[in-house]
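Trainee: predicted model and sequence follow; I will ask about them next.
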Amino acid sequence: MAVDIVYETPGATTDDEAGIAGGWLPGQLSERGRQDARELGERRRTDGLNAIFCSDLPQVVETVEIAFPLRELPVHFDTRLRECDHGRFNGAPVAEIAELRLRHLDEPFPHGQSYRQVVEQFAGFLRDISAAWNGTRVLVVAHASNRWALEHLLNGRDLAELLTAPDGWRPGWSYRLPSDWSRRDFQPARKQPGRPARGDR
């Protein structure tokens, strides 16, 4: 058995529309972002989900509240699903953060995190849901850096490649978390030569 993960990102924020990378700042959904949230709810309302796991940052909380106003499913807020903490660069222009990503693959942003730390904390989240939610289908609503962690851990994609690839937003991604993940050492899956990994753009 396994955990089927449906991955979605939050609705657009006013910071997104202004070209600002919010990081850990409390972003607020724009009108387009609220529409994004309503569309997420429509996509997933009859998707056979058993639970929702999401970042506790305000734009994600608001997205989930709009998408699932009746709270038919259990919702679990988890700090391990936050965007990478850019430290003193929280709120910097998106273009500036894009230029800094590779530098902070392993070295934390000043007063913040590295992308490798995001991967490590996301691996802990995966171990927890593998142990407790085996055989279910769950929705994860989180940020770009968390999805890069998923691609790295489950599909074996190079983290540096993910940090520099063009943004490929789409309405949801699907992953399968092996049932033995909770017993594994922290080792990302290996991508088979010549075979595209699931979820590659």
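Mentor: Now that the structure is in, tell me what you want to look at.
Trainee: show me where this protein has its strands.
Mentor: Remark: strands assigned in the chain by DSSP state E are 2-8, 20-21, 51-54, 75-77, 92-93, 137-141, 173-178.
Trainee: most tightly packed of the ones you listed?
Mentor: For the strands of the chain, average neighbour numbers computed from mean count of other C-beta atoms under 10 Å are highest in strand 137-141, which has a mean of 23. (C-beta placed from N, C-alpha, C; glycine too.)
Trainee: so how far is V119 from the closest residue to H86 other than its chain neighbours?
Mentor: Spatial nearest neighbour of H86, chain neighbours left out: G23 (3.8 Å); criterion: C-beta to C-beta, 6 or more residues apart in numbering. Using C-beta to C-beta, to the nearest Å, G23 is found at 17 Å from V119.
Trainee: so between those two, which is more surrounded?
Mentor: The neighbour count for G23 versus V119, taken as other C-beta atoms under 10 Å, is higher for G23 (25 against 22).
Trainee: pLDDT value on the more buried one, please?
Mentor: For G23, the pLDDT comes out at 87.
Trainee: that one contacts R88, doesn't it?
Mentor: No - contact criterion C-beta atoms under 8 Å: G23 and R88 do not qualify, at 9.8 Å.
Trainee: between those two, what contacts are shared?
Mentor: G112 (C-beta atoms under 8 Å, 6 or more residues apart in numbering).
Trainee: look up phi and psi at the residue nearest to H86.
Mentor: Dihedral angles of G23 (phi, psi; degrees, to the nearest 10) stand at phi 60, psi -120.
Trainee: how near is it to E161?
Mentor: Applying C-beta to C-beta, the value for G23 to E161 is 22 Å.
Trainee: ok and the lengthiest helix in the chain relative to strand 173-178, angle-wise?
Mentor: Taking DSSP state H as the assignment, the helix of the chain that covers the most residues is helix 115-132. Between helix 115-132 and strand 173-178, the angle comes out at 60 degrees (axes from the mean of the first three to the mean of the last three C-alpha atoms, to 10 degrees).
Trainee: list the buried residues in helix 115-132.
Mentor: 115, 117-119, 121-123, 125-130 (16 or more other C-beta atoms under 10 Å).
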